[in-house]
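>>> Dropping the sequence and predicted coords here.
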Amino acid sequence: MSFQPAEWRRHFPLLANHPELHYLDNAATGQLCEKAFDAVTLHELTQRANVLRGTYRLAELADAAYENARRQAATYLNAASPDEVVFVSGTTAAINLVAHAFGEGLKTGDEVVLSLAEHHSNLVPWQMLRERRGVALRFLPLAPDGRLDLSRLDAPISPRCKLVAVTHASNVTGAVTDLAPIVAAARAVGARVLVDGAQAVQHGPVDVQALDVDFYAFSGHKAFGPTGVGVLWGRSEALQALPPFLGGGGMIGRVTPEGSSWAMPPRRFEAGTPPIAQAIGLGAALDWLRAQPWPAMQAHTAGLAQRLIAELAVLAGPTFIGPRDLKQRLPIVAFNLADIHPHDVCQVLDAHHVAVRGGHHCAQPLMDRFGVAGAVRASFAPYNSEADVDALLEGLKDALRKLT
Ligand code: PMP
């Protein structure tokens, strides 16, 4: 299937409403695809009712749409069953769920292994667990180019390790984690593996069975779906072994004044009214994304990132963070321009209608490792084009003229 970026762009209503915009903040939030928008609208106009409670026809329509979304998410992830898909509010909520439910079973002396490349969402919940349960945190170090240094995995992943929680791809460097050796090291000591997929899912379908991990978390809004929804995928056996995190309606078997029993997953982890419309929108987005020509789209976004990296080297002063080999990274490019503060660069770029992010990107340990307080980050989606790179480079030249 051939791929035309301009065609693809037409599927994103916001971009049509802002023809002047060069949107390069896709690692923060992708634009909503019209399939998701249409599914949410259809649901709100024709199916809106609470799920899992009603016996009337409208409620049954809502139930069917919600469970269909679960199947669509399961298919995108190649999950063994839709029951392995838990709808949550996003990656952060998914990781906190595991930090509480899995963390509940940990004790002093147990270890959780993270990496220095983690987004704060996959670090702070584990620090909070350390406070609650006395577990120790250990960190996989970074290689000079920002990839994880996997050369001595048996040191951090010792028999005391109960869980390894790592990112599938860095939201700063774009570096893709080579998960296979990490999974092998975790399996060798009987530890579970959680993967933060927040940056990976929008670059093509993921195969959780092939990855052979236990938990996989991602956010709908980064995968061209609605905000306020995300997925915690868990291997059936791993989810069934967990107690609930939040208590409330829908997650119980039987409740008496003395106590309660729990529903089976995924309901056990979906207390209260879930983000119904958002999940339906996300399901539609993933169903549409799954059928897209990914190899061509990946080549397109990699080409844009590659050109940006090459042109940055020509501009005076930029320091680039992350691996240069595009095979090991997603199209996310972080850099500093001379000694100009990233926020100042972003402001000049905004005058050129270029939307990029500047700051620490919720990855302060990674910034510390590179000895910088922050960076400018341009992140590409398949709807981006050479014109977006042109505008970004023009804006950067303007920033150099104005601010150095
Ligand atoms: N992990 C990574 C790698 C991310 O990039 C992000 C979002 N920037 C998150 C976790 C958190 O996602 P959310 O805010 O949607 O929960």
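Noted; the coordinates are in hand. This one's a predicted model, so the numbers in the text were calculated from it and none came from an experiment.
>>> lowest-confidence helix or strand of this structure?
Ranked by mean pLDDT, DSSP states H and E, the weakest helix or strand in the chain is strand 319-321, scoring a mean of 84.
>>> packing partners for whichever helix or strand comes after that one?
Next along the chain after strand 319-321, taking DSSP states H and E as the criterion, comes strand 332-336. In terms of contacts (3 or more C-beta pairs under 8 Å, 6 or more residues apart in numbering; DSSP states H and E), strand 332-336 is packed against helix 294-314, strand 319-321, strand 375-379. (C-beta placed from N, C-alpha, C; glycine too.)
>>> With respect to the ligand, which of those lies nearest?
When the helices and strands packed on strand 332-336 are compared by C-beta to the nearest ligand atom, strand 375-379 sits nearest the ligand, at 9.5 Å.
>>> so how far is the closest one off the chain centroid?
Averaging C-alpha positions (C-alpha atoms, centre = their mean, to the nearest Å) puts strand 375-379 16 Å from its chain's average.
>>> now it and strand 332-336, what's the angle there?
Interaxial angle, strand 375-379 versus strand 332-336 (axes from the mean of the first three to the mean of the last three C-alpha atoms, to 10 degrees): 160 degrees.
>>> Contacts for strand 375-379 next, please.
Residues from elsewhere that reach strand 375-379 (C-beta atoms under 8 Å, 6 or more residues apart in numbering): 24-28, 171-172, 174, 308, 321, 331-337, 342, 345-346, 349, 356-359, 361, 367, 392.
>>> Look at residue 15 and say how many residues are nearby.
By the criterion of other C-beta atoms under 10 Å, residue 15 has 18 neighbours.
>>> List phi and psi for residue 164.
With angles defined as degrees, to the nearest 10, residue 164 sits at phi -110, psi 130.
>>> Against residue 276, how distant is it?
33 Å (C-beta to C-beta, to the nearest Å).
>>> do the same with residue 24
Distance, residue 24 to residue 276, by C-beta to C-beta: 32 Å.
>>> the more surrounded of these two?
residue 24 (28 against 24).
>>> List the contacts of that one.
Each residue near residue 24 by C-beta under 8 Å, 6+ apart is listed here: 354-356, 378-380, 384, 388, 392.
>>> again, but for residue 267
By C-beta under 8 Å, 6+ apart, residue 267 lies in contact with 52, 250-251.
>>> Point out where the stretch 251-400 of the chain drops to low pLDDT.
316 (pLDDT under 70).
>>> give me the number of residues near the nearest residue to residue 216 once chain neighbours are set aside?
Nearest residue to residue 216 in three dimensions, chain neighbours excluded: residue 233, at 4.4 Å (C-beta to C-beta, 6 or more residues apart in numbering). Close neighbours of residue 233, defined as other C-beta under 10 Å, add up to 28.
>>> Now residue 346: phi and psi?
phi -60, psi -40.
>>> Next: residue 278.
Per degrees, to the nearest 10, the backbone of residue 278 is at phi -70, psi -40.
>>> Give me the distance between the nearest residue to it once chain neighbours are set aside and residue 259.
Nearest residue to residue 278, sequence neighbours excluded (C-beta to C-beta, 6+ apart): residue 229, at 3.6 Å. Distance, residue 229 to residue 259, by C-beta to C-beta: 31 Å.
>>> So between these two, which is more surrounded?
Counted by other C-beta under 10 Å, residue 229 and residue 259 do not tie: residue 229 has more neighbours, with 27 against 7.
>>> Go ahead and confirm that one touches residue 89.
Yes. At 6.5 Å, residue 229 and residue 89 qualify as touching, with contact defined as C-beta atoms under 8 Å.
>>> where do the contact lists of the two overlap?
Jointly contacting residue 229 and residue 89 under the rule C-beta under 8 Å, 6+ apart are residue 275.
>>> correct me, but residue 363 touches residue 115?
No. Under the criterion of C-beta under 8 Å, residue 363 makes no contact with residue 115, lying 10.6 Å away.
>>> contacting residues for residue 243?
Contacts of residue 243 by C-beta under 8 Å, 6+ apart are 101, 104, 262.
>>> Show me what the last one is bridged to.
Note on residue 262: beta-bridge partners by DSSP bridges are residue 252.
>>> Burial check on it, number of neighbours?
Residue 262 has 17 neighbouring residues, counting by other C-beta under 10 Å.
>>> ok, now which ones touch it?
With contacts defined as C-beta under 8 Å, 6+ apart, the neighbours of residue 262 are 243-244, 251-253, 268.
>>> what do you get for the second one?
If a contact means C-beta under 8 Å, 6+ apart, then residue 104 has 133, 243 as its contacts.
>>> Near the ligand, which residues of the protein are found?
Counting by C-beta under 6 Å from any ligand atom, the positions of the chain adjacent to the ligand are 28, 90-92, 119, 121-122, 167, 171, 196, 198-199, 219, 362.
>>> related to what we said a few turns ago, so what pLDDT did the residue nearest to residue 278 get?
Note on residue 229: pLDDT of 98.
>>> Tell me which residues touch it, please.
87-90, 219-221, 275, 278-279, 281-282.
>>> still on that earlier bit, could you save the contacts of residue 243 as CSV and add columns showing distance to residue 180?
Shown next, in CSV, are these (distance: C-beta to C-beta, whole Å):
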residue, distance to residue 180
101, 26
104, 29
262, 34
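>>> Right, I'll leave it there.
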